[in-house]
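S.K.: Build me a structure from this.
(4 chains)
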There are 2 protein chains.
Amino acid sequence: MAPRNESCQNCPIRHSAVCADCEPHELAILEQLKSYRTYAPGATIASAGESLAHLSSLVSGCATMSRTLEDGRRQAVGLLLPADFIGRPGRATSLFDIEAVSEVTLCRFERMQFERMVRDTPHIATRLLSMTLDELDVAREMAVTLGRMTAREKIASFLVSLARRQATVTRHSGPKSPVALHLPLSRQAIADHLGLTIETVSRQLTQLRKAGLIALTDSRDISIPDFERLQVEAGEDDFTPVI
Amino acid sequence: MAPRNESCQNCPIRHSAVCADCEPHELAILEQLKSYRTYAPGATIASAGESLAHLSSLVSGCATMSRTLEDGRRQAVGLLLPADFIGRPGRATSLFDIEAVSEVTLCRFERMQFERMVRDTPHIATRLLSMTLDELDVAREMAVTLGRMTAREKIASFLVSLARRQATVTRHSGPKSPVALHLPLSRQAIADHLGLTIETVSRQLTQLRKAGLIALTDSRDISIPDFERLQVEAGEDDFTPVI
DNA sequence: CGCGGCATTGACTTCTGTCAAAAATAGTGG
DNA sequence: CCACTATTTTTGACAGAAGTCAATGCCGCG
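M.R.: Take a look at the predicted model:
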């Protein structure tokens, strides 16, 4: 459960979210404007085409951004983890569905107030630009994965990128020690991210396990004995940036 | 051929590029800093992993942004048309290959000077943010297409989006009149954009032609008799935004 | 005219999707 | 705590969409 209005000083995403570059006096303004909201797993945070009254930073938990076509086909376009920003200044409606995967806490700002902050506070504007450019890179890497990788490569690169994003939490000492990885997503949600079916995801995970590239303690917890070997399996070339 | 330093006043992308929101005095500064450069069709504008000395706006022509994997598989992540911005402040290297498709003219700024402009000129910073957010939406739509659409839907939606982007130039009076569309890309380049092979692109275009959805005058020129019908074929739902 | 690149078409293969069932896991209530 | 159900995951058999390999056709150009 999120505190009503805990101080930004103690915020877990203080140095990585949209407020990262703010000076104390700027932070004080944000502190006045912000409000927290918590969503249960599976809850809808936003729906494609509907208006979005708040812009938010994801403080804790995990959410997906996706589009569902009329016939039920679904494609995820982003995995939202702590510090990620939700919504965009200048457009009132979300183009995608946003759904809580685990329990999610958002730090929210009213649209108008936030848009004024973006105009008046260069530290927020430039931080938001920088984050948006990073997201753009991620989205384009995603396009490479979706368009040209095999099912096996998609799974491997998904695991690699997830491991990198959780690195601070789970990675132990040396780069050669096994990496423990918790999957926040169901097989179905992984399939939606990679443009695959649930069956193909399951089969490829089994193959990776049989090849000794991963070990499954339970269906949501994976251990990667040799991270570099999995990176090779992910078909990464030297240009693939570590975002 | 691009003029050496033609006035920004007459620039074809004056009101749609990164400088769109600039006041006359801001434009005057840009005018001092800019330089034009022209690339022949097929020329390399940037290479993945290599440094990029300039940030640019594409003034005329067409270019692709793509990644080529070690084994030759290639995926395009963007089609660059007039007013599109190339490069990003805050990172000196390009993550993707950028290649001229037709003859391309760029309006270029030195990295350092442009980054200073972004810091000092809110009209540039906010315009760049807005453009980047739009590109992010495009990239995410692309992910939906690459991940979940059939070959036929990919081709149809590619044609629809190309027609929309060329709308100002080619679209005639009413929305029901046939739309003429020139393909700037070869079959191979289209395939690279859609995550398909050249043969599949060719076959699907033939099928669309046989179904009366398009007519091919020559292999690069397409006429769309009923645009709305092609939109349906593209599998667009009501939420698909017209970007 | 003949070469070379691009596009189209055909025959066949393969990877992933579909349909279906079994196994594992989680959740519920007695 | 344990049976029982519901959900998720895994596995299998088969089908189908797109890829691969190969040949042919089309154009522009020297």
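
S.K.: got a list of what A:Glu115 touches?
M.R.: Listed by Cβ atoms under 8 Å, 6 or more residues apart in numbering or on different chains, the contact partners of A:Glu115 are A:89-90. Glycine gets a C-beta too; all of them are placed from N, C-alpha and C.

S.K.: ok, now with 10 Å
M.R.: With contacts taken as Cβ atoms under 10 Å, 6 or more residues apart in numbering or on different chains, A:Glu115 has the following neighbours: A:55, A:89-90, A:109.

S.K.: among those, which are in strands?
M.R.: Under the assignment DSSP state E, the contacts of A:Glu115 contribute A:55, A:109 to strands.

S.K.: restrict the contacts of A:Glu115 to those near DNA strand C?
M.R.: If you filter the contacts of A:Glu115 for contact with DNA strand C, counting by Cβ under 7 Å from any atom of the strand, you are left with nothing.

S.K.: okay if I get the contacts of A:Glu115 as JSON lines plus neighbour count, distance to chain B and pLDDT?
M.R.: Supplementary listing: the contacts of A:Glu115 in JSON lines, determined by neighbours: other Cβ atoms under 10 Å in any protein chain shown; distance: Cβ to the nearest Cβ, whole Å; pLDDT from 0 to 100:
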{"residue": "A:Leu55", "neighbour count": "23", "distance to chain B": "12", "pLDDT": "98"}
{"residue": "A:Pro89", "neighbour count": "19", "distance to chain B": "8", "pLDDT": "94"}
{"residue": "A:Gly90", "neighbour count": "13", "distance to chain B": "6", "pLDDT": "91"}
{"residue": "A:Phe109", "neighbour count": "22", "distance to chain B": "16", "pLDDT": "97"}
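
S.K.: Which of the contacts of A:Glu115 sits closest to B:Leu185?
M.R.: A:Gly90 (30.5 Å; Cβ to Cβ).

S.K.: A:Phe85 against A:Leu129, yeah?
M.R.: No. Using Cβ atoms under 10 Å, A:Phe85 makes no contact with A:Leu129, being 11.3 Å away.

S.K.: More neighbours: which of these two?
M.R.: Each of A:Phe85 and A:Leu129 had its neighbours counted (other Cβ atoms under 10 Å in any protein chain shown), and the higher figure belongs to A:Leu129 (22 against 17).

S.K.: do you know how far that one is from B:Ala167?
M.R.: Counting by Cβ to Cβ, to the nearest Å, the separation of A:Leu129 from B:Ala167 is 28 Å.

S.K.: List the contacts of the spatially most central residue of chain A.
M.R.: Nearest to the mean C-alpha position of chain A, by Cα atoms, centre = their mean, lies A:Leu80 at 2.6 Å. If you count contacts by Cβ under 10 Å, 6+ apart, A:Leu80 has them with A:45, A:56-58, A:61-65, A:86, A:98-101, A:104, A:106.

S.K.: Quick check: A:Met117 touching A:Glu26?
M.R.: Yes. Taking Cβ under 10 Å as the contact criterion, A:Met117 and A:Glu26 are neighbours in contact, 8.4 Å apart.

S.K.: Report the set of residues contacting both of the two.
M.R.: A:19, A:123-124.

S.K.: from those, which is closest to A:Thr150?
M.R.: Nearest to A:Thr150 among these is A:Cys19, at 40.2 Å by Cβ to Cβ.

S.K.: Check that closest one and give its pLDDT.
M.R.: In this model, A:Cys19 is scored at 97, pLDDT.

S.K.: Now do the same for it: helix, strand or coil?
M.R.: Of the three states, A:Cys19 takes coil under DSSP: H, G, I helix; E, B strand; the rest coil.

S.K.: Confirm for me that it is in contact with A:Lys34.
M.R.: Yes. A contact is recorded between A:Cys19 and A:Lys34 when judged using Cβ under 10 Å, the distance being 9.1 Å.

S.K.: quick one: is the helix ranked longest in chain A near chain B?
M.R.: Of all the segments of type helix in chain A, defined by DSSP state H, the longest one is helix A:122-148. Yes. Using Cβ under 10 Å from any Cβ of the partner chain, a contact is recorded between helix A:122-148 and chain B, made by A:122, A:125-126, A:128-148.

S.K.: Tell me which helix or strand comes right after the lowest-mean-pLDDT helix or strand in chain A.
M.R.: Of all regular secondary-structure elements in chain A, judged by mean pLDDT, DSSP states H and E, the least confident is helix A:167-170 with a mean of 56. Following helix A:167-170 in sequence order, the next helix or strand is strand A:179-182 (DSSP states H and E).

S.K.: Enumerate the positions of stretch A:104-113 that are buried.
M.R.: Burial within stretch A:104-113, assessed by neighbour count using 16 or more other Cβ atoms under 10 Å in any protein chain shown, is assigned to A:104-109, A:111, A:113.

S.K.: correction: stretch A:91-101
M.R.: Going by neighbour count (16+ other Cβ under 10 Å), the buried part of stretch A:91-101 is A:91, A:94-101.

S.K.: Distance-wise, check the nearest residue to A:Arg88 once chain neighbours are set aside relative to A:Thr38.
M.R.: Sequence neighbours aside, B:Leu133 is the residue nearest to A:Arg88 in space, at 4.8 Å (criterion: Cβ to Cβ, 6 or more residues apart in numbering or on different chains). Taking Cβ to Cβ as the criterion, B:Leu133 is separated from A:Thr38 by 27 Å.

S.K.: same deal with A:Glu103?
M.R.: As for A:Glu103, its distance to A:Thr38 is 6 Å (criterion: Cβ to Cβ).

S.K.: so how far is stretch A:12-22 off the chain centroid?
M.R.: On the basis of Cα atoms, centre = their mean, to the nearest Å, the separation between the geometric centre of stretch A:12-22 and that of its chain is 16 Å.

S.K.: quick one on the thing from earlier: neighbour-wise, which of A:Cys19 and A:Lys34 wins?
M.R.: Just comparing A:Cys19 and A:Lys34: by other Cβ under 10 Å the higher neighbour count belongs to A:Cys19, 25 against 22.

S.K.: Which residues are in contact with the more buried one?
M.R.: For A:Cys19, the contact set (Cβ under 10 Å, 6+ apart) comprises A:8, A:11, A:13, A:26-27, A:30-31, A:34, A:57, A:83, A:107, A:117, A:121, A:123-124, A:127-128.

S.K.: If any of the residues of helix A:122-148 next to chain B are buried, put those into a ChimeraX selection.
M.R.: Selecting in ChimeraX just the buried members of these, where the criterion is 16+ other Cβ under 10 Å, is done with this command:
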select /A:125,126,128,129,130,131,132,133,135,136,137,138,139,140,141,142,143,144,145,146,147,148
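
S.K.: Mind telling me what element A:Ala191 is part of?
M.R.: Assessed by DSSP H and E, A:Ala191 sits inside helix A:187-194.

S.K.: ok, A:Phe195 - contacts?
M.R.: Check again: residue A:195 is Gly, not Phe. When contacts are counted by Cβ under 10 Å, 6+ apart, A:Gly195 touches A:73-76, A:142, A:145-147, A:149, A:151, A:154, B:143-149, B:195.

S.K.: Can you show me the helices along chain A?
M.R.: With DSSP H as the definition, chain A shows helices at residue ranges A:24-33, A:111-120, A:122-148, A:151-165, A:167-170, A:187-194, A:198-210, A:227-233.
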